[in-house]
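Participant: pasting the sequence and the predicted coordinates here, then a few questions.
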Amino acid sequence: MTDNPRRRIDTSVAHSARVWNYWLGGKDNYIADQVAGDAYREAFPRIEVMARESRAFLRRTVTYLAAEEGVRQFLDLGAGLPTTDNTHEVAQRIAPDSRIVYVDHDPLVLLHVQALLDSTPEGATAYIEADMQDTETVLARAAETLDMTRPIALISSDVLGHIVDFDEALGLVERLVNRLPAGSFLALSHSTADSPEHARAQNAYNASGAVPYIFRDPVKEIPLFFTGLELVEPGLVSWPNWKPDATTGNATVRAGWGAVARIP
Ligand SMILES: C[S@@+](CC[C@H](N)C(=O)[O-])C[C@H]1O[C@@H](n2cnc3c(N)ncnc32)[C@H](O)[C@@H]1O
């Protein structure tokens, strides 16, 4: 029997990709996602601004990698539901021959995959439905689209909080980084507690049965993802402070941090 992702979608509990889509103003979400998203916003009204700043950080980092570093290959972990300025759109706007591989494990993303596969003719996009922790599968499937001997930007945009165990999250990044050729990059962002209200909203969300997301400390924990790598200026900072441009929004948002690093 052929696989029908629709049958595998659990609409009874909130899922990250769909709640994220709800906060970003998308329509690909269900009642459980909206209830969880509304409860969160009531406790922490800046959540939607934060989601937009996270996406803006992703857009600026992909722009930098394609335009300034000449990167033409991207491996995007936890792609999420298609929205504006998906990684391939940003990269291919600068370099139409860019090749992008997306990974996600939510079957709803698979249903919307066409928008992620809408590549320029010169470039390529591919989608892997997999748990990103299964790094061997991710690497083997990525090699069908990417040249694993040439620089690749590993993108991890606000997904590692879903790996509840911190050492496992670190290990996942380390396993992938170790297999990328010299001259590759890691672009990583991670949410953190912006205020006690934010921490309380996240704790309530995690306790509600939704797929949990664990905040990590920007001084003691997030830097460890970059161990042994060379941080590109301005280093690890809160999202709006990473190479801000004319469209960067609220510089006071400190609910997420990120950096780009060169893999030696
Ligand atoms: C907060 S969303 C971020 C989406 C996108 N990267 C962005 O920056 O807008 C997290 C995404 O990670 C995906 N995800 C969570 N755990 C995952 C796992 N173990 N393997 C693959 N994808 C995962 C979720 O399905 C969701 O789409």
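Facilitator: Cool, the structure landed. Numbering: from 1, shown residues only.

Participant: any chance you could list what contacts stretch 101-109?
Facilitator: 5-6, 8-9, 15-18, 28, 74-81, 87-88, 110, 116, 125-132, 138, 141-142, 145-146 (C-beta atoms under 8 Å, 6 or more residues apart in numbering). Where C-beta positions appear, they are placed from N, C-alpha and C, glycine not excepted.

Participant: got the residues of the stretch 51-200 of the chain near the ligand?
Facilitator: 54-55, 58, 78-80, 103-106, 109, 131-133, 157-159, 162 (C-beta under 6 Å from any ligand atom).

Participant: contacting residues around the residue positioned nearest the centre of the chain?
Facilitator: In the chain, the C-alpha nearest the mean C-alpha coordinate belongs to residue 157, at 2.3 Å (C-alpha atoms, centre = their mean). Counting by C-beta under 8 Å, 6+ apart, residue 157 makes contact with 54, 57, 58, 76, 77, 78, 80, 187, 188, 189, 258.

Participant: number of nearby residues for residue 149?
Facilitator: Counted with other C-beta atoms under 10 Å, the neighbours of residue 149 add up to 8.

Participant: before we move on, what about residue 45?
Facilitator: 11.

Participant: show me where pLDDT drops low in this protein?
Facilitator: 1-2 (pLDDT under 70).

Participant: let's see it at 90
Facilitator: 1-16, 27-28, 82-84, 106-108, 110-116, 194, 208-211, 245-254 (pLDDT under 90).

Participant: can you map out the helices along it?
Facilitator: Along the chain, counting by DSSP state H, helices occupy 5-8, 16-23, 31-43, 47-67, 87-94, 107-111, 113-116, 135-142, 166-178, 196-207.
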